[in-house]
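S.K.: Here is my input; please provide its structure:
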Amino acid sequence: MNSFTVVFLIALTLSFSVQFWLAKRHAAYVAKHRDTVPDAFKNTVSLDAHQKAADYTLEKAKLGNIDSIVGLVLLLLLTVGGGINAAFEFWTATVQSPLIGGLAAVASVFLVMTLFEIPSSVYQTFVIEEKYGFNKSTPEQFIKDQLLQLVLVAAIGLPLLALILWVMDSIGSLWWLWAWAILIGFSLLMSWLYPTMIAPLFNKFTPMEEGSLKDRIQGLLARCGFSSQGIFIMDGSKRSGHGNAYFTGLGNNKRIVFFDTLINSLDDEELEAILAHELGHFKCKHTIKMLIANAVMTLVSFAVLGWLIGEQWFYNGLGVAQPSHAAALLLFMLVSSAFTFFIQPVIAYFQRKFEFEADNFASNHAKAEKLISSLVKLYEENANTLTPDPLYSAFHYSHPPAAIRIANLESQIRV
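M.R.: Residues are numbered from 1 along each chain as shown. Modelled structure (predicted):
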């Protein structure tokens, strides 16, 4: 232990305490407003639906608090508790190649962390989601998904990690610049490949049938000057009753995807309005802005790691006796969130700003009242709370709270 150990423990305690306090504050606020539907929704959302959303939110919050505590304890055991140090000592003694040994140590730590997350996922899926009527998955499907995710992480993540570790060992002092370029290039490549190579491994994507809905959507795409590789219906109902729609892919490999649950919940004009909102993100260049912001933050992170990698106090302060590039990378990935949690509300602010802009765009290319009605249906059907704590939502919510978002859309309705 050294002075950095104390700094790390203070930062970790502060970040955890703030997050836990916000979660408790949010739960108390939701519980306080459980028995009264907000005025903005009195004519559209029943009291039973409002109470269901509150109870669902509270149960997820309890599980989230447990997850936070487990994650905190595990992080302490891995760092100052010596877990990471033990992993590197084992693989260094077992494998001759420093690159392979470092790769194995990092992989083993992430495998342990993944195994710790599985009980929570099981409870979330088969207890909470089941209780509120959302779970459509089976134990067999759940196990298949977990194994497939693990195989994909190993098949895609391990070669990428090996390449970055090789760059760290071989390029020299500017390794971090090369590693950043590789990671950003890889992220862009995966975004381009995801719609056609990765997503179909988990779900079936069926081209939308000819008809009035497709004609309406194609008309919207033409008005907005948007081209895609197709409009698809995803069989989301085989795992969940939640509905959604999204764009995926980059460049000439973009797809529009509707969950089948969403198709069954909304009418054609409401689906058009939802898609217009998603198109708003594209036309307002939100995806590009987020990619640039992510690239800048990643570059800064690699630059900081490039400095820390040569500092003995960094390793010793986090429980690692023998410095190595692989250990530095792993430690940085695990502990950086304790020092950067204060950035979260800033990111959330810009995400909510983008949502308002996308809503305003949708109001100009579809009916604002139809976007309102579709959102209200989704809030109710997905059991999203209508009364989040304002401070919690400012810190965590990527979308504006329901009442604020609806009020903004109502101001866009043209008489």
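
S.K.: For this structure, which segments count as strands?
M.R.: 205-207, 231-234, 245-248, 255-259 (DSSP state E).

S.K.: got the buried residues for the lengthiest helix in the chain?
M.R.: In the chain, with assignment by DSSP state H, the single longest helix is helix 47-78. Of all the residues in helix 47-78, those buried under the rule 16 or more other Cβ atoms under 10 Å are 49-50, 52-61, 64, 67, 72, 74-75, 78. Every residue, glycine included, has its C-beta placed from N, CA and C.

S.K.: Quick one: residues in contact with the lowest-mean-pLDDT helix or strand in the chain.
M.R.: One helix or strand of the chain scores below all others by mean pLDDT, DSSP states H and E: strand 245-248, with a mean of 80. The contact list for strand 245-248 (Cβ atoms under 8 Å, 6 or more residues apart in numbering) reads 194-195, 199, 228, 254-259, 262, 271, 274-275, 278, 281-282, 287.

S.K.: Now do the contacts for the closest residue in space to residue 402 that isn't next to it in sequence.
M.R.: Distances taken as Cβ to Cβ, 6 or more residues apart in numbering place residue 386 nearest to residue 402, at 4.8 Å, with adjacent residues excluded. Residues in contact with residue 386 (Cβ under 8 Å, 6+ apart) are 37, 38, 41, 45, 50, 53, 379, 401, 402, 403.

S.K.: ok, back up a step: name only those of the contacts of strand 245-248 that count as buried.
M.R.: 194-195, 199, 228, 254-259, 262, 271, 274-275, 278, 281-282.

S.K.: and residue 219, how many neighbours does it have?
M.R.: 11 (other Cβ atoms under 10 Å).

S.K.: err, residue 170, not the other one
M.R.: 10.

S.K.: Where does pLDDT dip in the stretch 101-250 of the chain?
M.R.: Applying pLDDT under 70 to the stretch 101-250 of the chain picks out no residues at all.

S.K.: can you give me the helices in it?
M.R.: Here the stretch 101-250 of the chain has its helices, by DSSP state H, counting those that start in this stretch, at 130-131, 139-152, 158-170, 175-193, 212-224.

S.K.: Tell me the helices and strands packed up against the third one.
M.R.: Under the contact definition 3 or more Cβ pairs under 8 Å, 6 or more residues apart in numbering; DSSP states H and E, helix 158-170 sits against helix 98-123, helix 175-193, helix 325-340.

S.K.: ok, 10 Å please
M.R.: The helices and strands touching helix 158-170, judged by 3 or more Cβ pairs under 10 Å, 6 or more residues apart in numbering; DSSP states H and E, are helix 98-123, helix 175-193, helix 286-308, helix 325-340.

S.K.: that older thread, compare the helices of the stretch 101-250 of the chain and give me the one nearest residue 355.
M.R.: Closest of the helices of the stretch 101-250 of the chain to residue 355 is helix 212-224, at 17.5 Å (criterion: Cβ to Cβ).

S.K.: hmm, back to that, the helices of the stretch 101-250 of the chain: which one's closest to residue 312?
M.R.: helix 158-170 (17.0 Å).

S.K.: by how many degrees do that closest one and helix 175-193 diverge?
M.R.: Put simply, helix 158-170 runs at 160 degrees to helix 175-193, going by axes from the mean of the first three to the mean of the last three Cα atoms, to 10 degrees.

S.K.: Could you export helix 158-170 as PDB, CA atoms only?
M.R.: Output in PDB follows, covering the C-alpha atoms of helix 158-170 (Å, rounded to 0.1, in the frame of the first residue of the first chain):
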ATOM      1  CA  LEU A 158      -8.900 -11.800 -27.300                       C
ATOM      2  CA  PRO A 159      -7.200 -11.200 -30.700                       C
ATOM      3  CA  LEU A 160      -7.900  -7.400 -30.300                       C
ATOM      4  CA  LEU A 161      -6.400  -7.500 -26.800                       C
ATOM      5  CA  ALA A 162      -3.400  -9.500 -28.000                       C
ATOM      6  CA  LEU A 163      -2.800  -6.900 -30.700                       C
ATOM      7  CA  ILE A 164      -3.000  -4.000 -28.300                       C
ATOM      8  CA  LEU A 165      -0.700  -5.700 -25.800                       C
ATOM      9  CA  TRP A 166       1.800  -6.400 -28.700                       C
ATOM     10  CA  VAL A 167       1.700  -2.700 -29.600                       C
ATOM     11  CA  MET A 168       2.300  -1.700 -26.000                       C
ATOM     12  CA  ASP A 169       5.300  -4.000 -25.800                       C
ATOM     13  CA  SER A 170       6.800  -3.200 -29.200                       C
END
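
S.K.: Which residues outside it are in contact with it?
M.R.: With contacts defined as Cβ atoms under 10 Å, 6 or more residues apart in numbering, helix 158-170 is touched by 98-100, 102-104, 106-107, 110, 174-183, 186-187, 190, 302, 305-306, 309, 324-326, 328-330.

S.K.: I am finished for the moment; much appreciated.
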